[in-house]
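# turn this into a model:
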Amino acid sequence: MSTHTGNIEYTDEQFGKASPGKLGMWIFLVTDAMSFSGFLLAYGILRAQKDWPADPAEALGGVTLSGFMTFLLICSSVSMVLSIDACRNKNREGMLNWLLFTIVGGATFLGIQAYEYTHLMHEMGMTFATYSGQGSNLFSSTFFAITGFHGLHVFTGVCYLIFMYKKAFDGKFADGNHNELEIAGLFWHFVDLVWILVFTFIYLL
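A predicted model of the protein is given here:
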């Protein structure tokens, strides 16, 4: 009976293939996730106090609009994946179309958020520092701080994707090299995932 005393080696085909850009983006996203975690943790602690609306979703006018915003971002994540896949297959038209769909989805999200803010301010008297309903001003402050911080990320992501679209339109990715698009996709998927958490914490729980 023979025994094997040598080291067992495992081969991972993907090990070491991540580009410096991807590693840099992952590091940034980890640190950015800590910022959002701090916001949501603060929201949870403040909400545990008694001076808070009994139903935050009702105080914000329901979940219909925010639910549609969530659906929109999820669809934009799918279109981002399809754009990268089209680039991988050297399908220039598909890449541009799906990337444009992602950009339009993000821009529409921002437009709806601006409408929601306007409605809350003018129709419900809710601003960053004032809240006329049940509960303290901390409710409105945390709402605008969290959703506004996320909105800034969406705006940054849309600008980022517009820049990628310009490069794609100029033929930058015609050879199927989708590394830069994947890096942009990582940021966009992160923005979408964070909104799902924000939507759950603020509107659903």
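
# just checking, what packs against the strand or helix carrying residue 101?
Per DSSP states H and E: residue 101 is located in helix 92-123. Helices and strands touching helix 92-123, by 3 or more CB pairs under 8 Å, 6 or more residues apart in numbering; DSSP states H and E, are helix 64-88, helix 137-169, helix 179-199. In short, each C-beta sits where N, CA and C put it, glycine included.

# in the helix or strand of the chain with the lowest mean pLDDT, what counts as buried?
Ranking every helix and strand in the chain by mean pLDDT, DSSP states H and E puts helix 56-59 at the bottom, with a mean of 79. Across helix 56-59, burial judged by 16 or more other CB atoms under 10 Å covers 56-57, 59.

# and which of these is nearest residue 78?
residue 57 (25.9 Å; CB to CB).

# thinking again about what came up before, who are the packing partners of the least confident helix or strand of the chain?
Against helix 56-59 (3+ CB pairs under 8 Å, 6+ apart) you get helix 137-169.

# what packs against the helix it packs on?
On a contact count with 3+ CB pairs under 8 Å, 6+ apart, helix 137-169 meets helix 20-47, helix 56-59, helix 92-123, helix 179-199.

# how about the shortest one as PDB, C-alpha atoms only?
Backbone C-alpha positions of helix 56-59 (Å, rounded to 0.1, in the frame of the first residue of the first chain) are rendered in PDB as follows:
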ATOM      1  CA  PRO A  56     -42.400  55.300   7.700                       C
ATOM      2  CA  ALA A  57     -43.500  54.100   4.200                       C
ATOM      3  CA  GLU A  58     -46.900  55.700   4.700                       C
ATOM      4  CA  ALA A  59     -45.200  58.900   5.900                       C
END
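
# returning to that earlier point: redo the helices and strands packed on helix 92-123 as CSV? Include distance to residue 48.
Formatted as CSV, the helices and strands packed on helix 92-123 follow (distance: least, CB to CB, whole Å):
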stretch, distance to residue 48
helix 64-88, 22
helix 137-169, 11
helix 179-199, 18
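
# what's the closest of the helices and strands packed on helix 137-169 to residue 145?
With CB to CB as the measure, helix 20-47 is the member of the helices and strands packed on helix 137-169 nearest residue 145 (6.6 Å).

# flag every buried residue along the closest one.
For helix 20-47, by 16+ other CB under 10 Å, it's 25, 29, 32, 36, 39-40, 43, 46-47.

# same question, stretch 72-90
Across stretch 72-90, burial judged by 16+ other CB under 10 Å covers 72-73, 76-77, 79-84, 86-87.

# tabulate the residues you listed (TSV), appending pLDDT and distance to residue 195.
Formatted as TSV, those follow (pLDDT from 0 to 100; distance: CB to CB, whole Å):
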residue	pLDDT	distance to residue 195
72	93	10
73	93	5
76	94	10
77	94	10
79	95	16
80	94	14
81	94	17
82	94	20
83	93	19
84	92	20
86	91	25
87	89	25
